[in-house]
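>>> build me a structure from this.
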Amino acid sequence: MERRLVLGVLLMTVLGGCGVLEEGVMSGSVSEGRSGRGVDPGEAEPGEVEPGVLKGRVVDAQGRPIEGAEIVADNQVLYDSNEVVRTGGDGRYRVATNIGVTFHASATMTRRYNGREYTLSLAPDDDAPFAGPSGAIRNFTWKLSGEKPDGLGFYGGKVLFRVDLNDQLDAGTFLEDEKVRLTLVPDGPLIDGSEGSRIVRTATRNGDGSGLEDVPIGRYRITADYEGRPLGVKLRDGGDYAQEVVADFTPVMTGVYWIELELGLPRG
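Residues are numbered from 1 along each chain as shown. Here you go, the predicted structure:
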């Protein structure tokens, strides 16, 4: 007990000397529609790095500002001591980081699309951690596809399938996943309102199964073929095989979205 008390006092002394134990920092603080920890929005020009301040702008692929995006300044020393702010109508945000620890900035946004809610990661222009007292500028862009920093997956979703194991092309020859080609045609605008484009790709294997990775979130009309031979398609949760299926991405976990299909030879 005495040993724990001594260690606790030492830790408090060290953190206090680094400026970590400032008021309101020991627990995560959320700021809706304002800058974090009382930072004046007009203190400096947007393109200038300010000591002790994380700031930046969030835009879509066309450069239009995004309001309400959530920015997290992750305190990488103390658990659950993040600063969280949301962007204003001009897409800008500011949050104080003037304590002696390292921070990492990330951003997400939430959109409703075809009756579902999607939480989407935003792409940083610089993903490097930074020293809180030094401050930093981190701008973010809403991307529908592309690889996330540090190999953490893709901004798009996955279209996965499994092949009916009862189907054979010839005696003893079963359908092979890598010879399946999927065709996806947008059925209306994508989640960002853009038109989207037709996707035709051969399936590959990934850590979650067989199919396509990094597909922009949208509603698609999907068909499949095996070396040019049409396959029946249906959603994973049931139904009958058809020549095509209309499907939306569904959440697997926060920020991860899949379309799951079953494929087989046409019946009848």
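>>> contacts and neighbour counts: CA atoms only from here.
Fine.
>>> list the contacts of the residue lying closest to G218 once chain neighbours are set aside.
Excluding the flanking residues, the one nearest G218 by C-alpha to C-alpha, 6 or more residues apart in numbering is L190, at 4.4 Å. By C-alpha atoms under 8 Å, 6 or more residues apart in numbering, the contact set of L190 is 196, 216-219.
>>> among the residues you listed, which are located in strands?
Residues of the contacts of L190 located in strands (DSSP state E): R219.
>>> got CSV for the contacts of L190, with neighbour count too?
What follows is those, written out as CSV (neighbours: other C-alpha atoms under 10 Å):
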residue, neighbour count
G196, 18
P216, 22
I217, 27
G218, 25
R219, 21
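>>> which helix or strand lies directly C-terminal to the top strand by length along the chain?
Taking DSSP E as the criterion, the chain has its longest strand at strand 102-113. Per DSSP states H and E, the first helix or strand lying C-terminal to strand 102-113 is strand 116-121.
>>> which residues are in contact with the very next helix or strand once past that next one?
Counting by DSSP H and E, the next helix or strand C-terminal to strand 116-121 is strand 123-124. Contacts to strand 123-124, defined as C-alpha under 8 Å, 6+ apart, come from residues 106-107, 138-143, 148.
>>> tell me the one of those nearest A224?
K143 (26.7 Å; C-alpha to C-alpha).
>>> the closest one should be in a helix, yeah?
No. Counting by DSSP: H, G, I helix; E, B strand; the rest coil, K143 is located in no helix; its state is coil.
>>> give me the pLDDT for it.
Listed pLDDT for K143 reads 97.
>>> separation between it and G239?
33 Å (C-alpha to C-alpha, to the nearest Å).
>>> so which of the two has more stuff around it?
K143 (20 against 10; other C-alpha atoms under 10 Å).
>>> quick one: pLDDT of the residue most central in space within the chain?
Closest residue to the average C-alpha location of the chain: S121 at 2.8 Å, with C-alpha atoms, centre = their mean. Here, the pLDDT recorded for S121 equals 96.
>>> who touches it in this structure?
So S121 contacts 107-109, 142, 155, 255 (C-alpha under 8 Å, 6+ apart).
>>> swap in G211?
158-161, 202-205 are the contacts of G211 under C-alpha under 8 Å, 6+ apart.
>>> 7 Å - rerun?
Contacts for G211 (C-alpha atoms under 7 Å, 6 or more residues apart in numbering) come out as 159-161, 203-205.
>>> repeat for D225
Counting by C-alpha under 7 Å, 6+ apart, D225 touches 180-182, 231.
>>> same question, Y241
Y241 neighbours (C-alpha under 7 Å, 6+ apart): 232-234.
>>> before we move on, what about G209?
Neighbours of G209 in contact, by C-alpha under 7 Å, 6+ apart: L160.
>>> quick check: the gap between it and I259.
G209 is 12 Å from I259, by C-alpha to C-alpha.
>>> right, and V58 touches I66 too?
Yes. In this structure V58 lies within contact range of I66 using C-alpha atoms under 7 Å: 5.7 Å.
>>> common neighbours of those two, please.
Common neighbours of V58 and I66 (C-alpha under 7 Å, 6+ apart) are G91.
>>> what about these two, which has more around it?
V58 (30 against 21).
>>> which residues does the more buried one bridge with?
Assessed by DSSP bridges, V58 has beta-bridge partners F140.
>>> quick one: pLDDT of it?
For V58, the predicted pLDDT is 98.
>>> just put the contacts of strand 123-124 in a markdown table and tack on distance to D248.
Shown next, in a markdown table, are these (distance: C-alpha to C-alpha, whole Å):
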| residue | distance to D248 |
| --- | --- |
| S106 | 26 |
| A107 | 24 |
| R138 | 32 |
| N139 | 30 |
| F140 | 26 |
| T141 | 23 |
| W142 | 20 |
| K143 | 18 |
| K148 | 22 |
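>>> now the angle from the helix or strand that contains W258 to strand 116-121?
Using DSSP H and E, W258 falls within strand 256-264. Computed by axes from the mean of the first three to the mean of the last three C-alpha atoms, to 10 degrees, the angle separating strand 256-264 from strand 116-121 equals 120 degrees.
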